[in-house]
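> Starting from these lines, generate the structure:
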Amino acid sequence: MNYNEIYTESIENPQAFWEQQAQQIEWFSKPSIILSKDKNDYPLWFEDGELNACYLAIDKHIQDGFGDNIALIYDSPVTQTIRKFTFSEVKSEVAKLAGGLQSLGLQKGDTTVIYMPMIPQALFAMLACARIGVTHSVVFGGFAPHELAIRIDDCKPKVILTASSGIEVERLIAYKPLVDEAIELAEHKPQNVVILNRKLGAKIPFKKYDIDYDALVYGSEEIPCVPVNATHPLYVLYTSGTTGKPKGIVRDTGGYVTALKFSMTHIYGVKPDEVFWAASDVGWVVGHSFITYGPLINRNATIVFEGKPIKTPDASTFWRIISEHKVSTMFTAPTAIRAIKKEDPNGDFIKQYDLTCLKTQFLAGERCDVATLEWYNEHIPVPAIDHWWQTESGWPMIANMMGVEYLPVKPGSAGKAVAGYDIRILGENGQELGPNEEGYVVIKLPLPPGTLLDLWKDNERFKSGYLNKFEGYYFSGDGGFKDEEDYIYITGRVDDVINVAGHRLSTAEMEEIVASHPSVAECAVVGANDDLKGQIPLAFVVIKSGIEMEHFQLEHEVVQLVREKIGAVASLRNVVIVQRLPKTRSGKILRKLLRSIADKTEFQIPSTIDDVAIIDEIQTDLEQYGFGKK
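Down below sits the predicted model:
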């Protein structure tokens, strides 16, 4: 089938389409009810089916005779460790850990928090929970105690699984003191903390509730998978909310594994036994979907990478890993490529490695600017595919479906709607807009399998945030438009549109233009308050390594670029040069934080920020250029 055929079938007859996809999954009890609705008139998939995600990720492959195949490759430049695990080795550890968790009293319906760095045991913990029907909530290792406490109080874990430390570019972060402080702050008190001692020198203050990970695993018997209902919550994953209170995205089991199997084959175009690498973290949805569950269910070797795209040890790390482990498909954030581009603008490191194994490069997490896409294609001649999705969706919503048909890439577009997603562009009053008219990006219900089931114990917030704005549609929170050929362009969060003297302007469009300047490594454009015009655009720019340029010259050239492409109405007059931009740990630029710093308004430091020290740097840079002062 070509793209148009498979997409049309998925929209016109979703029940038959997803029933067929569900047959690619082994069920303990096959569903007879394919699509039903819950109390909110919201879709439920495979309601009466029973299965187990851990079984599909590990046990099934062993039973099919692939137990000696590589399941997981751990590559840690920060500890100079490379280790490979077969499916049989993963099963042994996971099944024993699951038995150990059962011995602590955990059973189907309970919750755990997993607070670990990017090490194999983070995946083992997730899979062990899935094995016994325990809902896991992964929180980034190193998250501040206050933020961890909020999540503990929300999901009320019986047990926390953690490690002694994580490593952030030459810096050891001891996790146990942070966990202990979070437990002190939280009203809910977990029963136990299971701690893996990595023996890297971090202090591990002992508490009565502590359990040694190794002792728990090696003192337990391997136990079988527990069947769970298709709508059983596999995990809760917290995403930042506009109110400051994180939203717990609830993911089901049956719909999710069906969607992931479909994604691996039809979107990423990956064949079983190939090596798949999502250079992300299990604290993000990418880590859940495409480091842990997706690749393993599709019988791919998945790479667990403990490091950064640069400085561990340099900008060659990605290319070494692709070459050394024969990666066929990779997925990372555009910001990682921009960081590499900044350090190695001429691609000298790339030339040192044989990358002929790589078939496709996928990019997501932030809009991929055209300059980054062009730089990548100049140095690595494989399709570089920008695609768009959210924590809430759990798998791609807009993409080039490489496993179906490779469509021409249009730089700036994330591609076309993925099968299952009936994506529309609506105006303020709910009217559908025509080609090239910018509006709200929404998806007509029913959403396909694998998308969010609810918000954890907060159904009212779920309805108000996603369902109430346009009846019969899921509201994505993003703005965008379609062109005449149904390619979709995401212009950014709705609140990233600024109002300059009555003109609604997209900061994303301005960023695209600023990023095209040959000296700019990366940038962010935000709307700063202005007494005369309401808001004016302010550009934050990081200059490429090795380039020396006077501020006034760069500012003049950038302003002229924007004036040529958008016009004088854009009113971009000011450019601030910064050493780096504030980002989340997945690489998303924190534009709202930049706006608050520029306006000198009160703000909460986002829990997802990669490095708090950058706030002082930005404030200093702004004042140097005469901003941020009342």
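> domain assignment for this protein?
Domains of the chain are assigned by automatic domain parsing as 3-307+387-480, 501-624.
> With respect to residue 338, which of the ones you listed lies nearest?
Counting by Cβ to Cβ, residue 338 lies closest to domain 501-624 out of those; the figure is 4.4 Å. Yep, even glycine has a C-beta here, placed from its N, CA and C like the rest.
> Looking at that closest one now, give me its mean pLDDT.
The average of the pLDDT scores along domain 501-624 is 85.
> Now do the contacts for the spatially closest residue to residue 595 that is not a sequence neighbour.
Closest residue to residue 595 apart from its sequence neighbours, by Cβ to Cβ, 6 or more residues apart in numbering: residue 526 at 4.4 Å. Residue 526 sits next to 496, 498, 507, 537-538, 540, 591, 594-595, 598 when contact means Cβ atoms under 8 Å, 6 or more residues apart in numbering.
> Residue 105 too?
When contacts are counted by Cβ under 8 Å, 6+ apart, residue 105 touches 158, 191.
> What of the one 5 residues further on?
Residues in contact with residue 110 (Cβ under 8 Å, 6+ apart) are 134-135, 157-158.
> Counting neighbours, which of those comes out on top?
Highest neighbour count within these: residue 157, with 28 neighbours (other Cβ atoms under 10 Å).
> Nearest residue to that residue in space, ignoring adjacent ones along the chain?
Nearest non-adjacent residue to residue 157, counting by Cβ to Cβ, 6+ apart: residue 113, 4.3 Å away.
> count of neighbours near that neighbour?
Residue 113: 25 surrounding residues under other Cβ under 10 Å.
> Just grab the bridge partners of it for me.
Counting by DSSP bridges, residue 113 is bridged to residue 137, residue 160.
> before we move on, back to that, can you tell which of the domains of the chain is closest to residue 489?
Nearest to residue 489, of all those, is domain 3-307+387-480, at 5.0 Å by Cβ to Cβ.
> what pLDDT, on average, does the closest one get?
The average pLDDT within domain 3-307+387-480 is 96.
> what separates that domain from the chain centre, distance-wise?
The chain centroid and the centroid of domain 3-307+387-480 are separated by 10 Å under Cα atoms, centre = their mean, to the nearest Å.
> Use 580 as the first number from now on
Renumbered: residue one is now 580, and that last one reads domain 582-886+966-1059.
> sorry, back to before: mind putting the contacts of residue 1105 into CSV with distance to residue 674 and secondary structure?
Below are the contacts of residue 1105 laid out as CSV (distance: Cβ to Cβ, whole Å; DSSP: H, G, I helix; E, B strand; the rest coil):
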residue, distance to residue 674, secondary structure
1075, 46, helix
1077, 54, strand
1086, 50, helix
1116, 56, strand
1117, 55, strand
1119, 49, strand
1170, 45, helix
1173, 47, helix
1174, 49, helix
1177, 53, helix
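> Now flag whichever of the residues you listed is closest to residue 990.
Taking Cβ to Cβ as the measure, residue 990 lies nearest residue 1086 of the contacts of residue 1105, at 18.4 Å.
> My read is that the closest one contacts residue 1116, right?
Yes. Assessed by Cβ atoms under 8 Å, residue 1086 is found in contact with residue 1116 at 6.4 Å.
> Just the terminal-to-terminal distance for stretch 649-663.
This stretch, stretch 649-663, spans 7 Å end to end (Cα to Cα, to the nearest Å).
> What residues sit buried inside it?
Within stretch 649-663, the residues scored as buried using 16 or more other Cβ atoms under 10 Å are 649-657.
> Out of the residues you listed, which is nearest to residue 777?
Nearest to residue 777 among those, with distances taken as Cβ to Cβ, is residue 655, at 10.4 Å.
> Pairing partners for the closest one in the sheet, please.
Beta bridges link residue 655 to residue 660 when assigned by DSSP bridges.
> and it, what is it in contact with?
Residue 655 is in contact with 661, 697-698, 884-886, counting by Cβ under 8 Å, 6+ apart.
> can you check residue 930 too?
Residue 930 makes no contacts at all, as judged by Cβ under 8 Å, 6+ apart.
> so how far is residue 902 from it?
Using Cβ to Cβ, to the nearest Å, residue 930 is found at 12 Å from residue 902.
> number of nearby residues for residue 1140?
Neighbour tally, residue 1140, other Cβ under 10 Å: 17.
> what do you get for residue 762?
19.
> OK, contacts around the closest residue in space to residue 862 that isn't next to it in sequence?
For residue 862, ignoring the flanking residues on the chain, the nearest one in space by Cβ to Cβ, 6+ apart is residue 719 at 3.5 Å. The contact partners of residue 719, by Cβ under 8 Å, 6+ apart, come to 694, 860, 862, 1164, 1187.
> Just among those, which is most surrounded?
Going by other Cβ under 10 Å, residue 694 tops the contacts of residue 719 with 31 neighbours.
> quick one: contacts of stretch 606-614?
With contacts defined as Cβ under 8 Å, 6+ apart, stretch 606-614 is touched by 593-594, 597-598, 601, 622-631, 806, 809, 833, 1025.
> Which ones among those residues lie within helices?
The helices, defined by DSSP state H, take in 593-594, 597-598, 601, 833 from the contacts of stretch 606-614.
> Out of those, who's the most crowded?
Within the ones in helices among the contacts of stretch 606-614, most neighbours by other Cβ under 10 Å means residue 833, with 28 neighbours.
> Number of residues surrounding residue 622?
Residue 622 - counted by other Cβ under 10 Å - has 19 other residues nearby.
> who touches residue 887 in this structure?
Each residue near residue 887 by Cβ under 8 Å, 6+ apart is listed here: 748, 896.
> can you redo the ones in helices among the contacts of stretch 606-614 as JSON lines with distance to residue 644?
Below are the ones in helices among the contacts of stretch 606-614 laid out as JSON lines (distance: Cβ to Cβ, whole Å):
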{"residue": "593", "distance to residue 644": "34"}
{"residue": "594", "distance to residue 644": "34"}
{"residue": "597", "distance to residue 644": "29"}
{"residue": "598", "distance to residue 644": "28"}
{"residue": "601", "distance to residue 644": "24"}
{"residue": "833", "distance to residue 644": "25"}
